[in-house]
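1. here's my sequence, what's the structure:
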Amino acid sequence: MTGSARSVAVLGAGSWGTTFAKILGDAAIAADTTRAIRIWGRRDEVVEQINSIHRNLQYLKDIELPASITASSDVREVLQGADLVVLAVPAQSLRPQLREWKDMIAPGAIVVSLMKGLELGTDARMSEVISEELALPAERIAVVSGPNLAMEIAREEPTASVVACADSAVAGWLARTCTAPYFRPYTTSDVVGVEIGGIVKNVIALAVGICEGKQMGDNTKASVITRGLAETSRLALALGGNAKTMAGLAGLGDLVATCSSPLSRNHTAGRLLGEGLTLEEVGQKMTQTAEGIKSGQAVHELAGKLGVDMPITAAVVAVLAGKLSVDQLGPLLLSRELKPEGDY
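-> Sure, this is the predicted structure:
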């Protein structure tokens, strides 16, 4: 594939969907090319803000969006003629939404997932859901992941990321499309590793957040992050992912950012749980979905099916299910059998 995308549909007007639309707009400006970018949003007030004042005040505060970005609550209008379709909706709602949108997506369009979750009930990664519902080959499905804290990127703070696709030409085409002065994408064919890194880090971030809410120190949090990377790697390798991916931006990079930043929804949710709030109270305080809360059970189930040992994930899921208190989390993890660190 040559050139870059000329017409883009971004389905989802939350913080990351809107930020990625901004990246695409700024990338086109930097490349001195014309690109139409349309965002689909469910809420009329968000759509109106984007169109009238070029801002998404609820999710990105006063960040100005490029003039090339428009918005609509009519998904058919947004998808019309788009050669790049970007999906940025909650993971658990993706399948039913794709069933509604399937016939509106242009033939030959490349579909990109920004989502970091496993589907409950099927334990399917988002690229698998896209493939099943849209009947697309792997060569037309891509994933963008890495340390993607939306507000930092929207503020144009330098960030590197990863574009994954089974077809290296498509990955390169998408990377050219989203290369902005502040956003540098790398490419890989390891879709499985990139997705698993983005999924499991949300669960580990909940654990780190709980530790912070319990006022545990940096040693504790560093230990959870490091062992969290080990169990993320075990799951990725069991599914056919590449160990190098886990040491890169979509593995270690995303894990560190999500586990350490107050901008991270999963870290924030974990901290609130650690401070003593109930899961319901956390949900009331959060304005966006903390994917780890939704996907944790699916990750735990998938690990069980594959015989992969994931003690941090299991403990977090037990906390979310009310089977384990946040006070028991640390002692439980420390009571595990002694073994060499390198035993994965």
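2. can you show me the CA trace of the longest helix belonging to the chain as PDB?
-> Identified as the longest helix of the chain according to DSSP state H is helix 191-213. Extracted as PDB, the C-alpha positions of helix 191-213 are listed here (Å, rounded to 0.1, in the frame of the first residue of the first chain):
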ATOM      1  CA  VAL A 191      -1.000  -8.600  16.800                       C
ATOM      2  CA  VAL A 192      -1.500 -11.200  19.600                       C
ATOM      3  CA  GLY A 193       1.400  -9.900  21.700                       C
ATOM      4  CA  VAL A 194       0.400  -6.200  21.300                       C
ATOM      5  CA  GLU A 195      -3.200  -6.900  22.200                       C
ATOM      6  CA  ILE A 196      -2.400  -9.100  25.200                       C
ATOM      7  CA  GLY A 197       0.000  -6.400  26.500                       C
ATOM      8  CA  GLY A 198      -2.700  -3.800  26.300                       C
ATOM      9  CA  ILE A 199      -5.300  -6.000  27.900                       C
ATOM     10  CA  VAL A 200      -3.500  -7.500  30.900                       C
ATOM     11  CA  LYS A 201      -1.700  -4.200  31.900                       C
ATOM     12  CA  ASN A 202      -5.200  -2.800  32.800                       C
ATOM     13  CA  VAL A 203      -5.600  -5.600  35.400                       C
ATOM     14  CA  ILE A 204      -2.100  -5.100  36.800                       C
ATOM     15  CA  ALA A 205      -2.800  -1.400  37.000                       C
ATOM     16  CA  LEU A 206      -5.800  -2.100  39.200                       C
ATOM     17  CA  ALA A 207      -3.500  -4.100  41.500                       C
ATOM     18  CA  VAL A 208      -0.900  -1.200  41.600                       C
ATOM     19  CA  GLY A 209      -3.700   1.300  42.200                       C
ATOM     20  CA  ILE A 210      -4.900  -0.800  45.100                       C
ATOM     21  CA  CYS A 211      -1.400  -0.800  46.600                       C
ATOM     22  CA  GLU A 212      -1.300   3.000  46.300                       C
ATOM     23  CA  GLY A 213      -4.700   3.300  47.900                       C
END
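3. so where does the nearest residue to residue 196 once chain neighbours are set aside fall, helix or strand?
-> Ranked by Cβ to Cβ, 6 or more residues apart in numbering and with sequence neighbours excluded, the top spatial neighbour of residue 196 is residue 236, at 4.2 Å. Every C-beta, even on glycine, is put in place using the N, C-alpha and C of the backbone. Using DSSP states H and E, residue 236 sits in helix 218-238.
4. go through that helix and flag the buried ones.
-> Of all the residues in helix 218-238, those buried under the rule 16 or more other Cβ atoms under 10 Å are 220-221, 223-225, 227-238.
5. one more: stretch 327-344?
-> For stretch 327-344, the neighbour count (16+ other Cβ under 10 Å) marks 329-330, 333 as buried.
6. ok, back up a step: state the distance from the residue nearest to residue 196 to residue 230.
-> The gap separating residue 236 from residue 230 is 11 Å, by Cβ to Cβ, to the nearest Å.
7. about what we covered before: and the angle from the longest helix of the chain to helix 218-238?
-> Counting by axes from the mean of the first three to the mean of the last three Cα atoms, to 10 degrees, helix 191-213 points 160 degrees away from the direction of helix 218-238.
8. roughly how far out does helix 191-213 sit from the chain middle?
-> Its chain's average C-alpha position is 10 Å from that of helix 191-213, according to Cα atoms, centre = their mean, to the nearest Å.
9. stretch 88-107 now?
-> Using Cα atoms, centre = their mean, we find the averaged C-alpha position of stretch 88-107 to lie 16 Å away from the chain's own average C-alpha position.
10. could you give the mean pLDDT of it?
-> Stretch 88-107 shows a mean pLDDT of 95 in the predicted model.
11. now that stretch: buried residues?
-> For stretch 88-107, using 16+ other Cβ under 10 Å, the buried residues are 88-89, 91-92, 94-95, 97-98, 101, 105.
12. check what pLDDT the closest residue in space to residue 63 that isn't next to it in sequence gets.
-> Of all residues beyond its chain neighbours, the one nearest residue 63 is residue 154 (4.5 Å), with distances taken as Cβ to Cβ, 6+ apart. The confidence metric pLDDT takes the value 98 at residue 154.
13. quick one: neighbours of residue 154, just the number.
-> Residue 154 is flanked by 23 other residues according to other Cβ atoms under 10 Å.
14. kindly report the same for residue 308.
-> The burial metric for residue 308, expressed as a neighbour count using other Cβ under 10 Å, is 19.
15. residues in contact with it?
-> Listed by Cβ atoms under 8 Å, 6 or more residues apart in numbering, the contact set of residue 308 reads 231, 234-235, 238, 302.
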